[in-house]
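Novice: let me see the structure of the following:
(2 chains)
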Number of protein chains: 2
Amino acid sequence: MTDTRCVTVAVDAMGGDFAPSEILLGVERGLAADSALHVVLVGSADVVEAFAATHDRCEAVPTTQVIGMDEHPATAVRTKKDSSIVVGARLVKDGRAHAYFSAGSTGAAMAAATLIMGRIRGVQRPAIATVIPTAGAPVVLLDVGANADCKPEHIAQFAHMGAAYADTVLGVARPRISLLNIGEEPTKGSQLAQEAHALMTERVPGFVGNIEGRDVLAGHTDVIVTDGFTGNVALKLLEGSSKTLLGQVREVLTASLVTKLASLPLKGGLTALKNRLDPDTYGGAPLLGVDGVCIIGHGSSKAKAVSNALRVSAQAARGNLTDQIAAAVTDDRAQASTSA
Amino acid sequence: MTDTRCVTVAVDAMGGDFAPSEILLGVERGLAADSALHVVLVGSADVVEAFAATHDRCEAVPTTQVIGMDEHPATAVRTKKDSSIVVGARLVKDGRAHAYFSAGSTGAAMAAATLIMGRIRGVQRPAIATVIPTAGAPVVLLDVGANADCKPEHIAQFAHMGAAYADTVLGVARPRISLLNIGEEPTKGSQLAQEAHALMTERVPGFVGNIEGRDVLAGHTDVIVTDGFTGNVALKLLEGSSKTLLGQVREVLTASLVTKLASLPLKGGLTALKNRLDPDTYGGAPLLGVDGVCIIGHGSSKAKAVSNALRVSAQAARGNLTDQIAAAVTDDRAQASTSA
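Specialist: Numbers count the residues shown, from 1 in each chain, chains lettered A, B, ... in the order given. Okay, the predicted model is just below:
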């Protein structure tokens, strides 16, 4: 049964390379797709008030400041208290929205969410997750960049948070969780990977062992955890290699008049493939572990990415993602203190 | 001018999933392609003697032991002194061969080369490199798995070794060297990456800064250095994603009779693309930093990979790869002690 409880998402209208026009277009589509969705649009008065005046279920919260892509995240969040990024996060903290979406500076959105919403009790390090299309079902990968240096216990917490997200947003009831590593055996890998493996074997239900780089896209697991350095390299490599490879395929198809004509009947299938690989389909990256739903969009987010991010935000809020993470982390800590 | 000095390569006839037949076929092709190439074939007497008897420029060195893929590398190398993997490395140490190739257990080949040939004076950690096809010129990536845990000074040495390899084997006179990282600015990344960046800025000529995952295949650099954990994940992700993507493209092409007919004129171009992406074209991964040329083949090496590995081995030996690495490392240490 589809959950149609009403849900309110705070949206940063000023964030991203194509703001505000593509953000507004995405909000419009998101509102049209979900009749129980409400949006609080945060940004310059002229932008948000005009839009809210002409759209149902949309409220405007005007702000006077904007945080640029190249400002120091924590400093900008502390000093620009009336920026759209900061005010959006505060709306969740104050109970005026269930979820928060921004396609602005990732660092600033992360800092705003962490500093203003705060962490869920017991969470050591919030992590950024992303959903990757594979040959099978999509997989949740985290951390993809919030924590360049991690300890084994951080990675074990990522597993709990990723599992809650797979359950809530992808509908996977008992997610299989894998550790990204450079061999299948428990004794393989860096010291960090080996210690994380040992900890997860003991404490993470659903942990199925190591996964190697070559199997990430095979679709054999639901959640892949790693430190934020390796995860970020992996995510960007996948983005880069899809783009390069599809570009090379396109070169073959358009090499001559003959190949151009020949490839006409293939267009539909190739476009479908391209769409399936398009990260915009999965609508932004959740910052897991903060006390409230927070979805951070790519700087290059267009309307499609924004409307998908709204869908994901609503799903996460309706599925009580934050409570699920809180419960999993509390259980984990109880188990840790019992076994200690 | 092509270097045609004669060169002798010791080949492990027993290593790899398709040994000995594909190894022998590869040696046959390698010998045919280079009239100044000599091979010392190491393995079971019945295999190597029969082949050597019927091929010019091929000598047989019979051995009685074989190291399996699942044996503990260092232990196997210490106890099985008459195995093809160990004897092949010893032939280089004893001056009977310029280079050594094995497609057997990577761990055992690495252990044999390190323990028997020894490290080049001043090299702290030998590293495995690999050549990746990109949208532009191919790029040397290292370490791809020899050292799961690294220090900044190891990564700086990888830069010198990778540069020597790019010069010798790919013919790039002044290679551009990049550090795999999760942002472009020097202050981005893990503590390891930040310290490696600082060290390389000071001591590595040709260092051009950080490179992100999405640009690895862009062809804007010649050598990419990273720790062996990240490098191994990256390499296997690239292998996996090429395979998955090309498989999905093939599915589109073969979806119906219409698409099958339509894709006929595209076959030539797609096969050429597949070949260009095929890692076998670059013939195995060099173990850099050991005192002698050592190329380790994939376990799945077939004849094409073997003959390419022989070509690469000969190039590295003729280009005095080992001396180049020794000189670069000595210079680097001299500079380090001056600046200290």
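Novice: can you give me the helices for the stretch 51-200 of chain A?
Specialist: Taking DSSP state H, counting those that start in this stretch to define them, one finds helices in the stretch 51-200 of chain A at A:73-79, A:84-93, A:106-112, A:152-170, A:191-203.
Novice: which elements pack onto the second one?
Specialist: The reference is to helix A:84-93. For helix A:84-93, the packing partners by 3 or more C-beta pairs under 8 Å, 6 or more residues apart in numbering or on different chains; DSSP states H and E come out as strand A:7-12, strand A:37-43, helix A:73-79, strand A:99-102, helix A:106-112, strand A:293-296. Using the backbone N, CA and C atoms, a C-beta is placed for each residue, glycine as well.
Novice: please work out the average pLDDT along it.
Specialist: Here helix A:84-93 scores 97 as its mean pLDDT.
Novice: now do that helix and strand A:37-43, the angle between them.
Specialist: Counting by axes from the mean of the first three to the mean of the last three C-alpha atoms, to 10 degrees, helix A:84-93 lies at 140 degrees to strand A:37-43.
Novice: what about residue A:275, how many neighbours?
Specialist: The local packing of residue A:275 (other C-beta atoms under 10 Å in any protein chain shown) involves 12 other residues.
Novice: not counting sequence-adjacent ones, nearest residue to it?
Specialist: residue A:281 (6.6 Å; C-beta to C-beta, 6 or more residues apart in numbering or on different chains).
Novice: got phi/psi on the one you found?
Specialist: phi -60, psi -30 (degrees, to the nearest 10).
Novice: and the pLDDT for residue A:154?
Specialist: 97.
Novice: pretty sure it sits against residue A:146.
Specialist: No: counting by C-beta atoms under 8 Å, residue A:154 does not reach residue A:146; the two are 9.9 Å apart.
Novice: give me the common contacts of these two.
Specialist: Any residue near both residue A:154 and residue A:146 by C-beta atoms under 8 Å, 6 or more residues apart in numbering or on different chains counts here, and that gives A:125, A:127.
Novice: and stretch A:237-256, average pLDDT?
Specialist: pLDDT averaged over stretch A:237-256 gives 83.
Novice: return that stretch as PDB; C-alpha atoms alone will do.
Specialist: Only the C-alpha atoms of stretch A:237-256 are listed here, as PDB (Å, rounded to 0.1, in the frame of the first residue of the first chain):
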ATOM      1  CA  LEU A 237      35.200   6.700 -11.400                       C
ATOM      2  CA  LEU A 238      31.900   5.100 -12.100                       C
ATOM      3  CA  GLU A 239      30.500   8.500 -13.300                       C
ATOM      4  CA  GLY A 240      33.600   9.100 -15.400                       C
ATOM      5  CA  SER A 241      33.800   5.600 -16.900                       C
ATOM      6  CA  SER A 242      30.100   5.500 -17.900                       C
ATOM      7  CA  LYS A 243      30.400   8.900 -19.600                       C
ATOM      8  CA  THR A 244      33.600   7.900 -21.400                       C
ATOM      9  CA  LEU A 245      32.400   4.500 -22.500                       C
ATOM     10  CA  LEU A 246      29.000   5.800 -23.700                       C
ATOM     11  CA  GLY A 247      30.800   8.600 -25.500                       C
ATOM     12  CA  GLN A 248      33.000   6.000 -27.300                       C
ATOM     13  CA  VAL A 249      30.000   3.900 -28.300                       C
ATOM     14  CA  ARG A 250      28.300   7.100 -29.600                       C
ATOM     15  CA  GLU A 251      31.500   7.700 -31.700                       C
ATOM     16  CA  VAL A 252      31.100   4.300 -33.300                       C
ATOM     17  CA  LEU A 253      27.400   4.900 -34.100                       C
ATOM     18  CA  THR A 254      28.000   8.300 -35.700                       C
ATOM     19  CA  ALA A 255      31.200   7.400 -37.500                       C
ATOM     20  CA  SER A 256      29.700   7.500 -41.000                       C
END
